[in-house]
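[1] Make a model of this:
(one chain, ligands or ions: 1)
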Amino acid sequence: GKVDVECEMMVLGAGPGGYSAAFRSADLGMDTVLIERYATLGGVCLNVGCIPSKALLHVAAMIDEAASMAKHGVTFAQPNVDIDGLRAYKDTVVGKMTGGLAGMAKARKVNVVQGVGQFVSPNHIEVTAGDGSKKVIGFKKAIIAAGSSVVKLPFVPEDPRIVDSTGALELRGIPKKMLVIGGGIIGLEMAHVYSTLGARIDVVEMMDGLMQGPDRDMVKVWQKFNEHRFDKIMTKTKTVGVEALAEGIKVSFEAAEAGAAAPEPQLYDMVLVAVGRSPNGGKIAADKAGVTVTERGFIAVDGQMRTNVPHIFAIGDLVGQPMLAHKAVHEAHVAAEAAHGEKSFFDVKVIPSVAYTDPEVAWVGITEEEAKAKGIKLEKGHFPWAASGRAVANGRDEGFTKLLFDAETHRIVGGGIVGTHAGDMIGEIALAIEMGADGVDIGKTIHPHPTLGESIGMAAEVYEGVCTDLP
Ligand code: FAD
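    Just a heads-up that it's a prediction; the model follows:
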């Protein structure tokens with residue numbers, strides 16, 4: 001057949017994984033084509049994920065903080081939210097970031113081809129543009145970075161009042177009563193935004209607690225601080241029916257455990273379905289390239305992000321959990337370098353996670369619950385923020401910092417921070433784990449005073465028994 005473009009490296013999908021892979025490939029001197037179905041680069045993260053959600057969460061945090069100033073003797077007028085203005089702000093943030101990427105692609109002479117890509121052979125992919133026109137791109141090497149999509153519940157009807165995370169980020173209006181189906185990070189971040197903007201929130205979750213992943217002691221701090229936002233927190237509860245009625249969206253529930261009582265059906269003005277994401281591996285005709293895709297749509301890779309086909313790599317959400325942007329970016333660099341013949345490996349000890357709620361919940365490495373389940377012995381350094389001058393001065397001392405050490409080697413293997421700006425600080429604990437630091441290394445590192453980050457050094461000092469004068 002006819003080949004329209006020949007290249008050395010073809011990258012499929014322009015999310016954090018794909019654009020990072022394309023940029024690194026181009027920087028290494030490979031002639032690179034980047035295929036993306038949407039008009040803007042950046043994928044889920046920049047367009048409908050990490051970045052727009054953080055723009056809204058920032059505004060929500062400012063509104064809440066202004067209100068909390070009353071405790072400190074300063075009162076502001078009630079906020080007057082112009083939802084169109086807020087949406088425009090969020091769109092501006094996204095536009096700056098995606099526009100920046102377009103500039104970076106151009107500067108590197110990455111050939112961005114817009115359209116939906118489907119493999120036709122191990123060395124060719126066909127791209128169908130919006131107008132139906134097709135192009136075949138021949139490549140010597142490829143990196144698949146087609147990401148993931150929201151999981152839909154089969155019984156949920158189409159209705160403008162029922163949204164996924166993308167719909168919630170469109171900020172069409174503020175409901176009075178909103179249900180969040182799925183108590184994970186994405187659902188809770190959106191719950192936070194809508195709650196601050198005036199919605200009453202119910203949340204329903206199958207598991208026995210909200211925000212699975214971090215230790216319960218951290219989630220408890222978040223939950224206590226945010227209880228006032230929720231009318232009902234329904235855990236161990238399944239959503240079994242959703243009906244779009246004129247008077248509202250009627251949702252019915254079932255107890256996850258047999259015999260337990262289920263909540264009564266409820267009416268909502270808005271329902272957010274946030275029950276997870278599934279990989280796009282099954283939607284790109286990978287079989288035509290000989291690439292093996294699991295039944296769920298994941299693509300298996302080795303330590304260099306190589307698929308079962310030696311010249312084709314895969315990265316990001318579609319190679320497995322955790323589905324996080326910073327993981328995708330690191331994998332992207334490994335894949336591009338490996339494709340270029342370098343001995344790069346994805347060889348990280350840990351990948352940090354953050355819930356950008358208020359307070360933020362951030363964790364990295366092993367958790368106490370995981371260690372318990374696996375029979376791993378840990379020792380802990382725990383520093384309550386009530387003892388942090390900065391946290392107290394900020395009027396936000398509900399949080400804590402904890403460090404987890406291997407009981408035998410005394411090296412740090414995990415840690416968690418709950419409190420304001422926790423996400424900005426967790427990187428230090430990740431670094432300590434990667435470097436094989438012990439409590440002395442961390443505790444004897446001088447942290448600036450008074451900062452929230454100092455709590456990491458203090459937690460290490462608590463562990464070493466140096467700091468015992470806590471309240
Ligand atoms: P994606 O970002 O999914 O990009 C894949 C790209 O490939 C898309 O642009 C898609 O259009 C394109 N594509 C797919 N198939 C084709 C095809 N056949 N042809 C052409 N193009 C195709 N992660 C964090 O780390 N921090 C956060 O704060 C965070 N917040 C989030 C908030 C929300 C609401 C959501 C939904 C996700 C959030 N995530 C966050 C997760 C993060 O967005 C993903 O982990 C990340 O985007 C994955 O990057 P990726 O490159 O693997 O894929």
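
[2] make it CA atoms for all contacts and neighbour counts henceforth
    Will do.

[3] Which residues does the longest strand seen in the chain contact?
    In the chain, taking DSSP state E as the definition, the longest strand is strand 134-144. Residues from elsewhere that reach strand 134-144 (Cα atoms under 8 Å, 6 or more residues apart in numbering): 2-13, 18, 21, 123-128, 311-315, 335-336, 339.

[4] Filter these down to the buried ones, PyMOL style.
    For the buried members of the contacts of strand 134-144, the matching PyMOL selection, counting by 16 or more other Cα atoms under 10 Å, is:
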select buried, resi 6+7+8+9+10+11+12+13+18+21+123+124+125+126+127+128+311+312+313+314+315+335+336+339
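
[5] Return only those of the contacts of strand 134-144 found close to the ligand.
    Residues of the contacts of strand 134-144 in contact with the ligand (Cα under 6 Å from any ligand atom): 12-13, 18.

[6] got the residue ranges for the helices in the stretch 301-450 of the chain?
    For the stretch 301-450 of the chain, the helices defined by DSSP state H, counting those that start in this stretch occupy 325-339, 368-374, 389-393, 422-434, 439-443.

[7] Throw those helices into CSV and include mean pLDDT, thanks.
    What follows is the helices of the stretch 301-450 of the chain, written out as CSV (pLDDT from 0 to 100):
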stretch, mean pLDDT
helix 325-339, 98
helix 368-374, 97
helix 389-393, 97
helix 422-434, 98
helix 439-443, 98
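
[8] which of these sits most buried?
    helix 325-339 (a mean of 24; mean count of other Cα atoms under 10 Å).

[9] still on that earlier bit, go through the ones next to the ligand among the contacts of strand 134-144 and flag which are in helices.
    Using DSSP state H, residue 18 are the members of those that sit in helices.

[10] model confidence over the helix or strand where residue 251 lies, on average?
    Residue 251 is located in strand 248-255, with elements delineated by DSSP states H and E. Average pLDDT, strand 248-255: 97.

[11] Just give me the longest helix of this structure.
    Longest helix in the chain, counting by DSSP H: helix 83-107.

[12] Tell me if that helix is near the ligand.
    No - Helix 83-107 lies out of reach of the ligand by Cα under 6 Å from any ligand atom, never closer than 11.1 Å.

[13] Can you list the neighbours in contact with that helix?
    19, 23, 40-42, 46-47, 51-52, 55-56, 111-112, 170-171, 173.

[14] Please state the offset of the helix or strand just after it from the chain centre?
    On the C-terminal side of helix 83-107, the closest following helix or strand by DSSP H and E is strand 111-114. Centroid displacement of strand 111-114 relative to its chain, using Cα atoms, centre = their mean, to the nearest Å, is 26 Å.

[15] Point out the other helices and strands that strand 111-114 packs with.
    Here strand 111-114 touches strand 32-36, going by 3 or more Cα pairs under 8 Å, 6 or more residues apart in numbering; DSSP states H and E.

[16] helices and strands around the next helix or strand after the strand it packs on, which ones?
    Next helix or strand after strand 32-36 toward the C-terminus (DSSP H and E): helix 43-48. Packing contacts for helix 43-48, counted by 3+ Cα pairs under 8 Å, 6+ apart, involve helix 50-68, helix 83-107, helix 165-169.

[17] Any idea how far the strand holding residue 251 is from the middle of the chain?
    On Cα atoms, centre = their mean, the centre of strand 248-255 falls 27 Å from the chain's centre.

[18] strand partners of it, parallel vs antiparallel please.
    Sheet pairing of strand 248-255 (DSSP bridges) gives strand 237-245 (antiparallel), strand 266-268 (antiparallel).

[19] Does residue 233 touch residue 204 like I think?
    Yes - proximity of residue 233 to residue 204 meets the contact threshold set by Cα atoms under 8 Å, at 6.2 Å.

[20] Tell me which of those two has more neighbours.
    Comparing residue 233 with residue 204 by neighbour count (other Cα atoms under 10 Å), the higher total belongs to residue 204, at 21 against 18.

[21] count of neighbours near the closest residue to the more buried one other than its chain neighbours?
    The shortest distance from residue 204 to any residue other than its chain neighbours is 4.6 Å, reached at residue 234 (Cα to Cα, 6 or more residues apart in numbering). Counted with other Cα under 10 Å, the neighbours of residue 234 add up to 23.

[22] swap in residue 435?
    Neighbours of residue 435 using other Cα under 10 Å come to 12.

[23] what about it, distance to the ligand?
    Distance of residue 435 to the ligand, computed by Cα to the nearest ligand atom, to the nearest Å: 22 Å.

[24] near the ligand, which residues of this protein?
    12-18, 35-38, 43-45, 49-50, 115-118, 145-148, 165, 186, 284, 316-317, 323-326, 328.

[25] For residue 152, list the residues it contacts.
    Per Cα under 8 Å, 6+ apart, neighbours of residue 152: 273, 275.

[26] what kind of secondary structure is it in?
    Three-state call for residue 152 (DSSP: H, G, I helix; E, B strand; the rest coil): coil.

[27] Quick check: pLDDT value at it.
    Reading off the model, residue 152 has pLDDT 96.

[28] what's the answer for residue 259, then?
    So, for residue 259, pLDDT stands at 89.

[29] swap in residue 32?
    Residue 32 is assigned a predicted lDDT (pLDDT) of 98.

[30] ditto for residue 223
    Listed pLDDT for residue 223 reads 98.

[31] same deal with residue 86?
    pLDDT, read off for residue 86, is 98.

[32] tell me, how many neighbours does it end up with?
    So residue 86, with other Cα under 10 Å, has 15 neighbours.

[33] so residue 406 sits right up against residue 375, yeah?
    No - with contact defined as Cα under 8 Å, residue 406 does not reach residue 375; the gap is 11.8 Å.

[34] hmm, back to that, of the ones next to the ligand among the contacts of strand 134-144, which is the nearest to the ligand?
    Distance to the ligand across those (Cα to the nearest ligand atom) is lowest for residue 13, with 3.2 Å.

[35] what residue ranges in the stretch 51-200 of the chain score low on pLDDT?
    Scanning the stretch 51-200 of the chain for pLDDT under 70 picks out nothing.

[36] circling back: any buried residues in the longest strand of the chain, and which?
    135-139, 141-144.

[37] so who does residue 445 touch?
    Contact analysis of residue 445 by Cα under 8 Å, 6+ apart lists residue 457.

[38] So for it, what's the pLDDT?
    97.

[39] counting contacts, what elements does the host helix or strand of residue 22 pack onto?
    In the assignment (DSSP H and E), residue 22 maps to helix 16-27. Packing partners of helix 16-27 (3+ Cα pairs under 8 Å, 6+ apart): strand 5-12, strand 32-36, helix 83-107, strand 134-144, helix 325-339.
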